[in-house]
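>>> Can you look at this prediction? I've put the sequence above it.
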Amino acid sequence: MELEPVLRRHRWMAPALLGALFASLASVGWLRWPDHLVDFGRELYVPWRLAEGDVLGRDVYTLFGPLSHSFNALIFRLVGPSVRIILAMNLILAVLMMFGIHRFIRAGADRTAAAVAGLVFALVFAFAQYEFIAGSNYIAPYAHEVTHGLILCMGLVACFGAQLRRPRMWRSALAGGLMGLIFLTKVEIAAAAVGVCIANAVLASMRPEPPRVLAARLAWFVGAATLAPLAFFITFSRHLAPEDAWRVVSGAFAGLGNSDITSNRFYLVVSGFDRPAANAWLALKALVGLILACAAMAGSARVIACFNSGVLRAAFWLIALAGAAWIASSDTFSLRPLARPLQLTSLAACLYYFRLFCSRSARPRASARPGAMFLWSVFSVTLLIKILLNCKVGHYGAFLAMPATLLLVAWLVRDFPNHATRTRLQRSALRSLVVLVIVAVSVAHARRTAEFMGAKNLPMSDGADRIFTYDPQVYDAGVTMAATLAWLQGNTPPEASLLVLPEGVILNYLSRRANPTPYINFMPIELALYGEDAIVAALEANPPDTIVLAHKNTQEYGVGFFGNTKDNYGRGIVEWMLGAGYQSVASFGHEPFRDVRFGTRILKRIEPEAARPPP
């Protein structure tokens, strides 16, 4: 049955079903999205400290732009710091993103493609967890800069798309304002936004409009784009020197010129440039597999159309439904191979939609739809640069591959059947097959996420900061972190300072013990960015009362464990610690930095006899 007429007749149906799906997925993973150790602690700690009066660039340093931490700090100031308020806000933003995707794809393709794209976003991306480390979801992301940046960039694409339909000067100003905010998030999001702006300029130059009008729009865009960075610069200049204030404002681009960061093994693997030829070959093989799958579905649709018997058609669809159910319940099928050629499919989409736009450029309203999809295609291509040869839907791909995946979904649902079939019956059958396969694969991914969520039943903290982590029999790191947190809360005063090495600032936030230095993470990337000597100097000036050594396997960064002498990773910090009078007072789990097993060790600073006040 063709879905498009039904969705046109009942316009409320797709949004209602998407909303119900989103609510059910949210209930399954409630309070289980954050990671108990990695990344998300920074997303809580920094806003908490800013809400308490600390200043970015002076009292606390962060890797990215200032927008997201400032936004979350404002929320904490208004309603008080809590994990639940951040998760609730992110749920609101994610559902707005889902409906925004639905609206955009509906305008650029049709209602069926929009409904399926919204479903894929909810099932595959919004709540995703495909490995033990969480953070690749939109509710407790590894960095709010990426989710906030994606929302702003999608707004930029939508604004330019609306400008193609009905040019308005205020839309140019709005797009500029969005661009200025995007500048304050993350470098890969800003790069994608620049690509979209260039693409929009190309489309605008092909429209029959006076140069004076185009110049006025450019002036409004540039003027509005400076507002947000300028406002942040003025705000930080009240507390910092101008050069330091600018360093905070441009924080999204801090690591670009640092070869120790850009050439780190971690980012080489992420991008696929650790094995460029092998990864390029995998992408080509995946593209061939995708083409063969499309050909098989197109052939099946033609076969269905040849059946004159209703019984034969019913039997075929029963077999198709059984196959889809098997895919949905199987661990064999994955979007990972399908995601491998996303850069190639997105480039093809750029050419496809640009050609359509050129063929209709003399008719502004007719060219608006392919023009908007062309802008989304450019957005997708430029966003994939960071994972160019290693595209996947997990890890960074949960964010960077999302637009490209939805672009492919929209093309497969709407455009592919139009080109691959000859009759209306064939087209309807092929669309139904495509939708069935996409839904089945998406459900398989949602099942994988549900398995991880179901394994998290151990409360790590209480009250408004309550989150759940893994059961001990699944992964013992969660219970170790929970025991460490309980010890800190019971054995250190609230005003005591706390340092967690090399990672685990979530303990600072949950225990409400501040780090006495501006440095909150001590992974290889942070040490390369800030310099270990500067970190040691800050520790000497303000030694923490308590130190927690939390195990972290850093082999993915090309170095050994923290403090090892072979790679000199963290060696200076460990040497300072050994000479600063710290004593081990407790340990939980296994000994940290020995093998793959997780554990923590707590050290307290023993005040020298000469510095102790008389009794």
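All right, it came through fine. Computed from a predicted structure; not experimentally measured.
>>> Can you show me the helices along the stretch 301-450 of the chain?
Using DSSP state H, counting those that start in this stretch, the helices found in the stretch 301-450 of the chain span residues 310-329, 335-339, 342-359, 364-383, 397-400, 402-410, 416-420, 424-454.
>>> Ok, which of those comes nearest H239?
helix 397-400 (31.3 Å; CB to CB). Placement of C-beta: from N, CA and C, glycine included.
>>> hang on, the earlier thing: out of the helices of the stretch 301-450 of the chain, which gets nearest to L389?
Of the helices of the stretch 301-450 of the chain, nearest to L389 by CB to CB is helix 342-359, at 8.0 Å.
>>> Can you say which of the helices of the stretch 301-450 of the chain is nearest to F253?
helix 364-383 (15.6 Å).
>>> Which other helices and strands does that closest one contact?
helix 83-108, helix 144-165, helix 187-205, helix 342-359, helix 402-410 (3 or more CB pairs under 8 Å, 6 or more residues apart in numbering; DSSP states H and E).
>>> can you give me the mean pLDDT across the first one?
What helix 83-108 shows for mean pLDDT is 97.
>>> quick one: buried residues of it?
For helix 83-108, the neighbour count (16 or more other CB atoms under 10 Å) marks 83, 85-87, 89-91, 93-95, 97-102, 104-108 as buried.
>>> now do the fourth one
Going by neighbour count (16+ other CB under 10 Å), the buried part of helix 342-359 is 342-347, 349-350, 352-354, 356-357.
>>> what do you get for the second one?
Residues of helix 144-165 classed as buried by neighbour count (16+ other CB under 10 Å): 144-164.
>>> ok, I547 to L507 distance?
To L507, I547 is 11 Å away according to CB to CB, to the nearest Å.
>>> between these two, what contacts are shared?
498, 500 (CB atoms under 8 Å, 6 or more residues apart in numbering).
>>> Mind checking which of these two has more residues around it?
In terms of neighbours (other CB atoms under 10 Å), L507 is the more surrounded of I547 and L507; the figures are 25 against 22.
>>> That one: helix or strand, and which one exactly?
Taking DSSP states H and E as the criterion, L507 maps to helix 506-511.
>>> Give me the contacts around the next helix or strand after that helix.
Moving toward the C-terminus from helix 506-511, the next helix or strand (DSSP H and E) is helix 524-530. Applying CB under 8 Å, 6+ apart, the external contacts of helix 524-530 come out as 61, 63, 254-255, 258, 260-261, 264, 266, 519, 535, 554, 557-559, 569-570.
>>> same deal with stretch 271-287?
Taking CB under 8 Å, 6+ apart as the rule, stretch 271-287 contacts 265, 268, 337-341, 343-345, 386-391.
>>> Dump the helices and strands packed on helix 364-383 to JSON lines, plus distance to A483.
Below are the helices and strands packed on helix 364-383 laid out as JSON lines (distance: least, CB to CB, whole Å):
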{"stretch": "helix 83-108", "distance to A483": "19"}
{"stretch": "helix 144-165", "distance to A483": "29"}
{"stretch": "helix 187-205", "distance to A483": "37"}
{"stretch": "helix 342-359", "distance to A483": "42"}
{"stretch": "helix 402-410", "distance to A483": "37"}
